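this one's structure only:
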Ligand code: MG
Ligand code: ZN
């Protein structure tokens, strides 16, 4: 019996470490479960969701990895009750299970949101038979819309990868990087430079990207000032640092992507990921979650500012799954403080929220499935 328990615990540790292995460099050793309002509070602007257009020409899908309702409420509490997310009047819930598991991973979750199918955990843009399935980003390229991906992880990591690559396993970073060359994406910004340049096959994809007409930039200040053309922004050798070090990289990258994509008169599809909310959850670190949640919310602010002026842009904010089984059992909104409990170091199977703003937002309410998201976007963009 004891032996069985030992084997079970070892296999459990192995299972969770498979998912967490990428994050060891960025995760703090000490897990913090109390948040004392140390983050400086920012002001939130109000935007009216009141547009004449019935259908959008642009869709921005924003994914908070590992962002359940509790992660959002932790951010809201820390910012003393206000988030840019508070501007969204249409909301609902999303079922996230994968083809094989009640609890999804980020690869299967993102593939569902990119391709409209259920698949196995670790799948990147492929179905249960490992066959490639066309993504909404690829369909947008075919219709000559602008397309972009922005992420605070490596751009080759599961969430952004599932919108552009087709590989049987999420750990095939170099194969995923090579898939970027097979598409006509206009802009991608995230980490992962080494997956393009330090490769087993000897190819230098940075040079190949330049030959294909992309400007390859590593420096965020140069990315910020890039005004037109195709852009490959590779801001870190692998993953970007956590927000305390990378600062406003996500907001800056999102703004750059919007500047570039809005030049396409036919419209565009952009996916923006707040990747590291998930890593705070894996680390059971409340401070990490709050910092990344607020950073993601500020990127939502950048997008709302654009959408409110553009008037033909649908903004969707959702998540692939919840991480950590987080709950808040003590808190004070006026102080921005709270105390958390976690039930796991992995993901959970609970529904995640979805929010929509702009023309077509009313389609994203009630309880839907993650596979419904791209189907609804395709209808709205006539893909
Ligand atoms: Mg992710
Ligand atoms: Zn995760």
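Received, thanks. Since the structure is predicted, the reported quantities are computational estimates derived from the model, not experimental observations. Ligands and ions are numbered 1, 2, ... in the order given.

tell me which parts of this structure are close to ligand 1?
Within the chain, the positions near ligand 1 by C-beta under 5 Å from the ion are 65, 106, 159, 275. No exception for glycine: its C-beta is placed from N, CA and C like everyone else's.

in which helix or strand does the residue of the stretch 51-200 of the chain found nearest ligand 1 reside?
Among the residues of the stretch 51-200 of the chain, residue 159 lies closest to ligand 1, at 3.2 Å counting by C-beta to the ion. Under the criterion of DSSP states H and E, residue 159 resides in helix 158-161.

so which residues make contact with whichever helix or strand comes after that helix?
Scanning forward in sequence from helix 158-161 by DSSP H and E, the next helix or strand is helix 173-180. With contacts defined as C-beta atoms under 8 Å, 6 or more residues apart in numbering, helix 173-180 is touched by 124, 154-157, 161, 164-167, 170, 188, 192, 195-196, 199-201, 203, 205, 209, 232.

ChimeraX command for the buried members of those residues?
Typed into ChimeraX, the next command selects the buried ones out of the contacts of helix 173-180 (criterion: 16 or more other C-beta atoms under 10 Å):
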select :124,154,155,156,157,161,164,165,166,167,170,188,192,195,196,199,205,209,232
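
before we move on, back to that, filter the residues of the chain next to ligand 1 down to the ones in strands?
Cross-referencing these against strands under DSSP state E gives no overlap.

among the residues you listed, which ones are in helices?
106, 159 (DSSP state H).

residue 195 is in contact with residue 157, isn't it?
No. Using C-beta atoms under 8 Å, residue 195 makes no contact with residue 157, being 9.5 Å away.

that's a helix at residue 147, yeah?
No. Assigned with DSSP: H, G, I helix; E, B strand; the rest coil, residue 147 falls outside any helix and is strand.

quick one: pLDDT of it?
With respect to pLDDT, residue 147 scores 98.

and it, bridged to which residues?
Per DSSP bridges, the residues bridged to residue 147 are residue 269.

contacts only, for it.
Each residue near residue 147 by C-beta under 8 Å, 6+ apart is listed here: 137, 140, 141, 183, 184, 185, 186, 187, 261, 268, 269, 270.

nearest to residue 329, of the residues you listed?
Set against residue 329, the nearest of those by C-beta to C-beta is residue 270 (37.0 Å).

and that closest one, how far from residue 303?
Applying C-beta to C-beta, to the nearest Å, the value for residue 270 to residue 303 is 9 Å.

next: residue 129.
To residue 303, residue 129 is 36 Å away according to C-beta to C-beta.

who has more neighbours, those two?
More crowded of residue 129 and residue 303, by other C-beta atoms under 10 Å: residue 303, with 24 against 8.

helices or strands up against whichever helix or strand that one is part of?
According to DSSP H and E, residue 303 maps onto helix 286-310. Counting by 3 or more C-beta pairs under 8 Å, 6 or more residues apart in numbering; DSSP states H and E, the packing neighbours recorded for helix 286-310 are strand 34-36, strand 58-64, helix 69-78, helix 243-246, helix 249-261, strand 268-274, helix 277-282, strand 313-318.

tell me the angle that helix makes with strand 313-318.
160 degrees (axes from the mean of the first three to the mean of the last three C-alpha atoms, to 10 degrees).

any idea of the angle helix 286-310 forms with helix 249-261?
Compare the direction of helix 286-310 with that of helix 249-261 by the same axes, to 10 degrees and you get 20 degrees.

about what we covered before: what do residue 270 and residue 303 both touch?
Counting by C-beta under 8 Å, 6+ apart, the shared contacts of residue 270 and residue 303 are 60, 258.

may I ask which helix or strand encompasses residue 140?
Here residue 140 is assigned to helix 136-142, by DSSP H and E.

report the buried residues of that helix.
Neighbour counts using 16+ other C-beta under 10 Å place 136, 137, 138, 139, 140, 141 of helix 136-142 among the buried residues.

over to stretch 237-249?
Across stretch 237-249, burial judged by 16+ other C-beta under 10 Å covers 238, 239, 240, 241, 242, 243, 246, 248, 249.

my guess is residue 279 meets residue 288, correct?
Yes. Counting by C-beta under 8 Å, residue 279 does reach residue 288; the two are 6.8 Å apart.

that older thread, need the buried ones from the contacts of residue 147 selected in PyMOL.
Per 16+ other C-beta under 10 Å, the buried members of the contacts of residue 147 correspond to this PyMOL selection:
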select buried, resi 137+140+141+183+185+186+187+261+268+269+270
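
residue of the stretch 201-350 of the chain with the smallest distance to ligand 1?
Counting by C-beta to the ion, the stretch 201-350 of the chain gets nearest to ligand 1 through residue 275 (4.4 Å).

what's the nearest residue to that residue if we skip its chain neighbours?
Counting by C-beta to C-beta, 6 or more residues apart in numbering, residue 153 is the residue found nearest to residue 275 once chain neighbours are left out, at 3.7 Å.

one more: residue 80?
residue 336 (4.9 Å).

go on, residue 223?
Setting aside the residues directly before and after it, residue 223 is nearest to residue 233 in space (C-beta to C-beta, 6+ apart), at 4.5 Å.

helix, strand, or coil at that neighbour?
strand.

what sits opposite it in the beta ladder?
Assessed by DSSP bridges, residue 233 has beta-bridge partners residue 189, residue 217.
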